[in-house]
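Q: coordinates only, no sequence provided:
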């Protein structure tokens, strides 16, 4: 079923209106009176609606049923990724959204070759958030993951460690597997932290360990920086019973 | 450690020679006498070598030790993917190789919009095999997954079902999860079959079921055709104890 995202305050009442970009999209789909769709607030609440009337600049909808989204994962996984080159971050935002990530957090680390400056960041964040919204729509999610950027590696550690499982993946860790880290206790929230193209520095990994993150391996093959977070996310979703 | 792939017959003896593209690559890396590298046959056998002499058109290597690759997964996972658009297949070949797939098998299905003709196939296969080789090198694998193309969906089913677990992922299956399919018995070989951009037709899914494949879900979110095989592969590697 087609899915539209609106602001939370626009989801109340028995009648909803699709305007602006949503209206343009509905026009392309040639939605006719009686046809059904889902309207979501992007935060997990949604309304099953039917088209009542097609206007010149808006679509009037009748709310048939309100419900919580059925496609959101019970486990909240935050993907922490050191800034990679732009196209890779966009790839990870799109795929992590499909795979059910709760949020995507980008941060600088020592070997990052790409680090957006303050000035360009606002525009980039808008673009990244749009990618997440579009992937959420396509994959049928009721929530649009927030894309967050942080100013330092330390800040990333401080934020990541608040999860029940705060994990950092490092190619030189061979003893502790993701499975060992996940099976050591129940969890509802998970942080998955991975490095940039050149990897994390050993000093950064030590710093993370001291901050309370668990350092683990994703196996004996070296994964590219855009593959590691998606591999870890898929495995966590599987381990959490999502499929 | 740098990794070079040679033909199996070129891996015998106490002295090896890197020529052609491998020699060019070694020159770029400015390898000097005494420096070490791995030379692999791309089928799981490898030799730890040291540079003996840098010639004008070849590098002479001394074999220090022969061994089986330590980076190959114990489980053999075959990724069966209905032909997607070209860039997506290339993406899946690269990523599935990193993630440890044993082979990547592309086949036509009813809703494939892209289906290479006989004439262009040979050239494309060469290109795809090169992508696999390059990803195997970068991820430190000892084996280059073979890229195979088949002529029909029926042929794909017949080949896929020979694995201990032959699984097809379908967005309209809600009862059987990947976990249920994997936990129903031990496995050493797995086939993972996924559809093209427009999905598999219900009749194809029925046909697969009749052929003996297990139809399962990858969760309640709709994954793009290039995301589904990599998500399933990551989860199978995790379930098989790879990380």
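A: Nice, I can see it. Quantities reported herein were computed from a predicted structural model and do not represent experimental measurements.
Q: got phi/psi on the closest residue to residue A:43 other than its chain neighbours?
A: Nearest non-adjacent residue to residue A:43, counting by C-beta to C-beta, 6 or more residues apart in numbering or on different chains: residue A:143, 5.8 Å away. Quick note: C-beta positions are derived from backbone N, CA and C, even for glycine. Phi and psi for residue A:143, reported as degrees, to the nearest 10, are phi -130, psi 140.
Q: so residue A:143 makes contact with residue A:44?
A: Yes. Between residue A:143 and residue A:44 there is a contact under C-beta atoms under 8 Å: 4.8 Å.
Q: quickly list what's touching both of these two.
A: A:69, A:72 (C-beta atoms under 8 Å, 6 or more residues apart in numbering or on different chains).
Q: higher neighbour count, the two?
A: Relative neighbour count places residue A:143 above the other of residue A:143 and residue A:44, with 24 against 14, counting by other C-beta atoms under 10 Å in any protein chain shown.
Q: residues in contact with that one?
A: A:40, A:42-44, A:69, A:72, A:102, A:136.
Q: keep only those of those that are in strands.
A: Assigned to strands by DSSP state E, the following of the contacts of residue A:143 qualify: residue A:40.
Q: from the contacts of residue A:143, which would you call buried?
A: A:40, A:42, A:69, A:72, A:102, A:136 (16 or more other C-beta atoms under 10 Å in any protein chain shown).
Q: check contacts around the second one.
A: With contacts defined as C-beta under 8 Å, 6+ apart, the neighbours of residue A:42 are A:5-6, A:8, A:133, A:136, A:142-144.
Q: could you rerun that using 6 Å?
A: Residues in contact with residue A:42 (C-beta atoms under 6 Å, 6 or more residues apart in numbering or on different chains) are A:5, A:144.
Q: residue numbers of chain A in contact with chain B?
A: For chain A, the residues in contact with chain B (C-beta under 6 Å from any C-beta of the partner chain) are A:71, A:95, A:98, A:100, A:139-141, A:177-178, A:217-223, A:227, A:231, A:234-235, A:238, A:242-243.
Q: what about the residue lying closest to residue A:188 once chain neighbours are set aside, neighbour count?
A: Nearest residue to residue A:188, sequence neighbours excluded (C-beta to C-beta, 6+ apart): residue A:164, at 5.8 Å. Residues near residue A:164, counting by other C-beta under 10 Å, number 13.
Q: ok, residue A:164 to chain B distance?
A: 18 Å (C-beta to the nearest C-beta, to the nearest Å).
Q: how about residue A:116?
A: Here residue A:116 is placed at a distance of 24 Å from chain B (C-beta to the nearest C-beta).
Q: is it true that that residue touches residue A:122?
A: No. Proximity of residue A:116 to residue A:122 does not meet the contact threshold set by C-beta atoms under 6 Å, at 9.6 Å.
Q: which of the two has more neighbours?
A: Shown here are residue A:116 and residue A:122; by other C-beta under 10 Å, residue A:116 has more neighbours (17 against 11).
Q: list the residues that contact that one.
A: Contact analysis of residue A:116 by C-beta under 6 Å, 6+ apart lists residue A:124.
Q: please apply the same query to residue A:68.
A: So residue A:68 contacts residue A:44 (C-beta under 6 Å, 6+ apart).
Q: that one bridge partners, please.
A: residue A:45 (DSSP bridges).
Q: run through the strands of chain A in chain order.
A: Along chain A, counting by DSSP E, strands occupy A:3-5, A:15-18, A:36-40, A:45-54, A:59-68, A:76-82, A:103-107, A:146-149, A:165-169, A:189-194, A:214-216.
Q: in TSV, list the ones you listed along with mean pLDDT.
A: Shown next, in TSV, are the strands of chain A (pLDDT from 0 to 100):
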stretch	mean pLDDT
strand A:3-5	92
strand A:15-18	94
strand A:36-40	94
strand A:45-54	95
strand A:59-68	95
strand A:76-82	98
strand A:103-107	98
strand A:146-149	97
strand A:165-169	98
strand A:189-194	98
strand A:214-216	98
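Q: and of those strands, who's closest to residue A:30?
A: In terms of C-beta to C-beta, the element of those nearest to residue A:30 is strand A:45-54, at 9.3 Å.
Q: by how many degrees do the closest one and strand A:59-68 diverge?
A: Put simply, strand A:45-54 runs at 160 degrees to strand A:59-68, going by axes from the mean of the first three to the mean of the last three C-alpha atoms, to 10 degrees.
Q: ok, residues contacting strand A:45-54?
A: So strand A:45-54 is contacted by A:31, A:33-40, A:60-66, A:69, A:142 (C-beta under 6 Å, 6+ apart).
Q: quick one on the thing from earlier: tabulate the strands of chain A (a markdown table), appending distance to residue A:158.
A: What follows is these, written out as a markdown table (distance: least, C-beta to C-beta, whole Å):
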| stretch | distance to residue A:158 |
| --- | --- |
| strand A:3-5 | 31 |
| strand A:15-18 | 40 |
| strand A:36-40 | 31 |
| strand A:45-54 | 30 |
| strand A:59-68 | 31 |
| strand A:76-82 | 11 |
| strand A:103-107 | 11 |
| strand A:146-149 | 13 |
| strand A:165-169 | 10 |
| strand A:189-194 | 11 |
| strand A:214-216 | 16 |
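Q: pick out the most distant pair among the buried ones among the contacts of residue A:143.
A: A:40 and A:102 (15.6 Å).
Q: which other helices and strands does the longest helix anywhere in chain A contact?
A: Among the segments of chain A that qualify as a helix by DSSP state H, the longest is helix A:118-139. When contacts are defined as 3 or more C-beta pairs under 6 Å, 6 or more residues apart in numbering or on different chains; DSSP states H and E, helix A:118-139 sits against helix A:86-98, strand A:146-149.
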